[in-house]
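based on what follows, work out the 3D shape:
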Amino acid sequence: MSIFSREKELEQHSSPAAAAPVVERGRAEKQAPQAKIGKTIVIRGELSGGEDLIIEGRVEGHVDLKDHHLVIGEGGNLTADVEAKKITVIGRLEGNLNAKERVEIMESGSVVGDIRAPRLAIADGGKFKGSVDMTGERAAPAGKEKKDREPVQLQPKGENGAHRPLEGAVKN
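Presented below is the predicted three-dimensional model:
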């Protein structure tokens, strides 16, 4: 066995997680800790954590990874509201998404629900049904929508044909 064939064998059996840190401009960068929920795992309830997460299984409930990256893998199936720094959907997600930085729906990804994030990318073939809010404000908890403005009540048209606000009506 030559040295080269031994190196090739080691490359084939080593996992990407065990790979050396990326070296850029002479500095080694640390790889963020990452957890994985496998294909046969089913979780019902609240899921939270302090590291990046890949979900290949099934999750129902709420996922809270506020400062971390969530990846819904190709086999991932979520029926959950999600809060994360960055959300990448390769599988299927039904629920509302709240991301600090970005939501990405890849070509095989499917999202049914509302998205609140400053940036959104949907790859060609990616599926999305819902609304998008890119204002950067966080979504209110379900059933507690915030009232920004009160409606202004109008009086019948005046002489010039324009509506006039009612006396005492709130103006924004």
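
what sits against the closest residue to residue 50 other than its chain neighbours?
Leaving aside its sequence neighbours, residue 50 sits nearest to residue 68 (C-beta to C-beta, 6 or more residues apart in numbering; 7.1 Å). Bear in mind the C-beta positions are built from the backbone N, C-alpha and C, glycine included. Shown in contact with residue 68 (C-beta atoms under 8 Å, 6 or more residues apart in numbering): 32, 49-53, 84-86.

kindly write the ChimeraX command that selects the buried subset of those residues.
Buried members of the contacts of residue 68, defined by 16 or more other C-beta atoms under 10 Å, are picked up in ChimeraX with:
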select :52,53,84,86
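
low-confidence ranges, this protein, go.
Residue ranges of the chain with pLDDT under 70: 1-32, 136-172.

change it to 90
Across the chain, the ranges flagged by pLDDT under 90 are 1-34, 135-172.

now the contacts of residue 68 in JSON lines, with secondary structure and distance to residue 92?
What follows is the contacts of residue 68, written out as JSON lines (DSSP: H, G, I helix; E, B strand; the rest coil; distance: C-beta to C-beta, whole Å):
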{"residue": "32", "secondary structure": "coil", "distance to residue 92": "25"}
{"residue": "49", "secondary structure": "coil", "distance to residue 92": "21"}
{"residue": "50", "secondary structure": "coil", "distance to residue 92": "26"}
{"residue": "51", "secondary structure": "coil", "distance to residue 92": "23"}
{"residue": "52", "secondary structure": "strand", "distance to residue 92": "20"}
{"residue": "53", "secondary structure": "strand", "distance to residue 92": "16"}
{"residue": "84", "secondary structure": "strand", "distance to residue 92": "17"}
{"residue": "85", "secondary structure": "strand", "distance to residue 92": "21"}
{"residue": "86", "secondary structure": "strand", "distance to residue 92": "18"}
